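**Q** build the 3D model from these lines:
(2 chains)
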Amino acid sequence: MIFRCKNCGGNVVYSPEHKKMYCPYCDSLDSEERSEGNENIGQPDSHGKSNFVCPSCGGEFILDKFTSATRCPYCDNYIIVGERTSGKYTPKTIIPFQIGKEAVKKSIRDNFKKYKFAPTDFLSEARLETMEGHYVPFWFYDYDSNYKFRGEGTKLRSWRSGDTEYTETSYYDIVRDMNIGFDAIPADASVKMPDEVMDLMEPYGYEQLEAFKPEYMSGFMAEEYNMESDLIKSRADMKLRRDADSIIKSTYSGYSSVHTTQNNLTVKNENASFGLLPVWKYDYTYNDMSYPFYVNGQTGKIVGTVPLSKKKIWSYAATWWGVLTALMVVINLIITWSHT
Amino acid sequence: MDKSVRRLAIKQYFKYFSFWFGALAIFAVIAAFFGTIKMLSKGANAGIGRSNFEAPAERVYDYANVLEDYEENNLRNYIAECENKYGFDIVLVTMNEDVESHGYWETVMMDTADDFYDQNNFGYNKVHGDGALLLDNWYEKDGYSQKGTWLSTCGKVYHNFSDYDIDSVLSRIDARIDESPYKAYMAGIERICELEYKYENAELPIIPWGFVIFFPICFALIFAFIKLRKNPPAKVTTTPRTYVDEAKTKIIVNQDTFLRKHVTQRHIDTSSGSSSGGRSHSGGGGGHVSHGGVSHGGGGHRR
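**A** Now for the predicted structure:
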């Protein structure tokens, strides 16, 4: 499907700046008209890639296995693949992009301008313009859990009398029983997106979660979920365990040491739902190496490792060597010559 | 690389080093200024060095007659060369006199050396100016020896030389005097010049050349290694309570029960520290004022 402008027929996209549908051709707001078009996904090859005919211009291009929204390389219109955003692939919720491309570019520039030894074109307009917004598929897991804990804690007290130091050790029986509810622990369901990076994208502000509407996808890339919820549940379980341990631990502070004797976390109820979260991706390639940068499309948090130009660093180091040596030699000459 | 990117890289490079390139240029101009002055003054001052012309030309007074004529000449030549080079007078006096008939050996040797220097108006830069005088006594009678050497210093030599330096000169003489007085005096004079040269050059507070060579290398390497470190991708910004549903979270049991306690004791050793001493070095060894009111330094070794 594609969203067209009622006024000019151009491709209408969702604008994070306006928080509305926006036509970049005639500046109209909320002027969209949904056009289903004639979607035609061909037979997938061994990699799951299919031929796809653009419902807007009729151009034929390759559609990746899980792609649910993309841009036609011929007419540059954003296309949403209806078949991959409906039925069991319909996301329940979505956080629409809150930060637009220009704001992300500025944020990347502000964050990384202190890295003087990145390649010179790292922050150039031409490179940053290639950045794309992606809706990443996530499974959200809700848990009702119970944590039973028992341990022996010690408290130390010491004092001094004359030449003797006394140490008193007191022992306590610590018992905790706690119900902990977790709401929407996220785990990404995209093979393409690295798990550790998606974990670092967190947290998202769930107050902006909305019911899914395909309009939000216009102007961005997207995927259907690549993995069923039970396949990646173990990642959410790990987060549950980690957080529950920390919460229990925070209830028995003040002990010098605690020896755990019982440590039971049981999950009473759990529930999974599918949704989309916004991520800007800037793919920078330098010396045939890829340096991807990910920006949370809601909070603006940036995750990525800045590429370094070794040539630049060593030439600056050599200049430092030359300048400092020359400076000290000249200072010594001044001292010697001014003395006589 | 794209031309505009290369231009930007060069612009950034010069902006980064602008302060240091500027500083280097300013210092280079100052150095050129002093260099020019030095070259000009070298030409103007050619032939000028000694500024006291009231002292006798003789530097070797062998009253004890322990030196051959050619040895005296060699010493004169060596002294003349050293005086030109280092800018202070060097006088050698040998004698054969019963100094103890006039007082303590040290006092009489000191007075004799100082008076000889003063009365002859020695001093390179002025009368009673920079110089050193070696007085060597060869007196011996009925197996009783008053042999020994006294070094009297004046002007800059007095200011620079410590007791330790004077001792080091006299020790050089002691070590060779039995073998050959000539060699002993040569060695003594050589040591005086060596020490004075060391002090005069030490006066220049130049940056040590070892530092000039190694510091920039170390700095550049440390700079490179720091800059080659990669930035961490990002910090974790979730907390354990990020996904907690507070409405479904509550503590059912929260109980801490005291069980038992025990006490251990430990004896604490008290011990005292130790102190250490230091040694310092300063010039002006054996300072005193001669009969003529001139400040001298000096010291002697009796054989």
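**Q** pLDDT averaged over stretch B:240-256 - what is it?
**A** In this model, stretch B:240-256 has a mean pLDDT of 93.
**Q** typo on my end, it should be stretch A:138-145
**A** Averaging pLDDT along stretch A:138-145 yields 96.
**Q** for the stretch 1-150 of chain B, just list every one of the helices.
**A** Taking DSSP state H, counting those that start in this stretch to define them, one finds helices in the stretch 1-150 of chain B at B:3-16, B:18-44, B:69-86, B:105-119.
**Q** same deal with the stretch 101-250 of chain A?
**A** Counting by DSSP H, counting those that start in this stretch, the helices of the stretch 101-250 of chain A are A:101-112, A:125-128, A:195-201, A:229-251.
**Q** take those helices and lay them out in JSON lines including mean pLDDT and mean neighbour count.
**A** To be clear about C-beta, it is placed using only N, CA and C from the backbone, and glycine gets the same treatment. JSON lines is the format used below for these (pLDDT from 0 to 100; neighbours: other Cβ atoms under 10 Å in any protein chain shown):
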{"stretch": "helix A:101-112", "mean pLDDT": "94", "mean neighbour count": "16"}
{"stretch": "helix A:125-128", "mean pLDDT": "90", "mean neighbour count": "14"}
{"stretch": "helix A:195-201", "mean pLDDT": "93", "mean neighbour count": "18"}
{"stretch": "helix A:229-251", "mean pLDDT": "94", "mean neighbour count": "16"}
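**Q** reformat these as JSON lines; add distance to chain B.
**A** Formatted as JSON lines, the helices of the stretch 101-250 of chain A follow (distance: least, Cβ to the nearest Cβ, whole Å):
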{"stretch": "helix A:101-112", "distance to chain B": "9"}
{"stretch": "helix A:125-128", "distance to chain B": "9"}
{"stretch": "helix A:195-201", "distance to chain B": "5"}
{"stretch": "helix A:229-251", "distance to chain B": "4"}
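**Q** quick one on the thing from earlier: of all the helices of the stretch 1-150 of chain B, which gets the most neighbours per residue?
**A** helix B:105-119 (a mean of 20; mean count of other Cβ atoms under 10 Å in any protein chain shown).
**Q** quick one: it to chain centroid distance?
**A** 29 Å (Cα atoms, centre = their mean, to the nearest Å).
**Q** format the helices of the stretch 1-150 of chain B as a markdown table; extra columns: mean pLDDT.
**A** Compiled in a markdown table, those are given as follows (pLDDT from 0 to 100):
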| stretch | mean pLDDT |
| --- | --- |
| helix B:3-16 | 90 |
| helix B:18-44 | 87 |
| helix B:69-86 | 92 |
| helix B:105-119 | 93 |
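**Q** would a markdown table of those with distance to residue B:169 be doable?
**A** Below are the helices of the stretch 1-150 of chain B laid out as a markdown table (distance: least, Cβ to Cβ, whole Å):
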| stretch | distance to residue B:169 |
| --- | --- |
| helix B:3-16 | 55 |
| helix B:18-44 | 32 |
| helix B:69-86 | 13 |
| helix B:105-119 | 13 |
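**Q** of the ones you listed, which is nearest residue B:138?
**A** helix B:105-119 (12.4 Å; Cβ to Cβ).
**Q** just to revisit the earlier point, export the helices of the stretch 1-150 of chain B to CSV and tack on distance to chain A?
**A** Rendered in CSV, the data for the helices of the stretch 1-150 of chain B read as follows (distance: least, Cβ to the nearest Cβ, whole Å):
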stretch, distance to chain A
helix B:3-16, 4
helix B:18-44, 4
helix B:69-86, 14
helix B:105-119, 28
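**Q** please name the nearest non-neighbouring residue to the residue in the stretch 101-250 of chain B that chain A sits nearest to.
**A** The nearest approach of the stretch 101-250 of chain B to chain A comes at residue B:248, 2.5 Å away (Cβ to the nearest Cβ). Closest residue to residue B:248 apart from its sequence neighbours, by Cβ to Cβ, 6 or more residues apart in numbering or on different chains: residue A:181 at 2.5 Å.
**Q** pLDDT score assigned to the one you found?
**A** 96.
**Q** one step back: between the helices of the stretch 101-250 of chain A, which gets nearest to residue B:108?
**A** helix A:101-112 (84.2 Å).
**Q** what about that closest one, distance to the chain center?
**A** That offset, for helix A:101-112, works out to 15 Å (Cα atoms, centre = their mean).
**Q** by contact count, what packs against that helix?
**A** helix A:125-128, strand A:257-286, strand A:289-296, strand A:302-303 (3 or more Cβ pairs under 8 Å, 6 or more residues apart in numbering or on different chains; DSSP states H and E).
**Q** which strand residues bridge residue A:276?
**A** residue A:94, residue A:137 (DSSP bridges).
**Q** how many neighbouring residues does the closest residue in space to residue B:139 that isn't next to it in sequence have?
**A** Spatial nearest neighbour of residue B:139, excluding adjacent residues (Cβ to Cβ, 6+ apart): residue B:146 at 4.2 Å. Residue neighbour count, defined by other Cβ atoms under 10 Å in any protein chain shown, stands at 20 for residue B:146.
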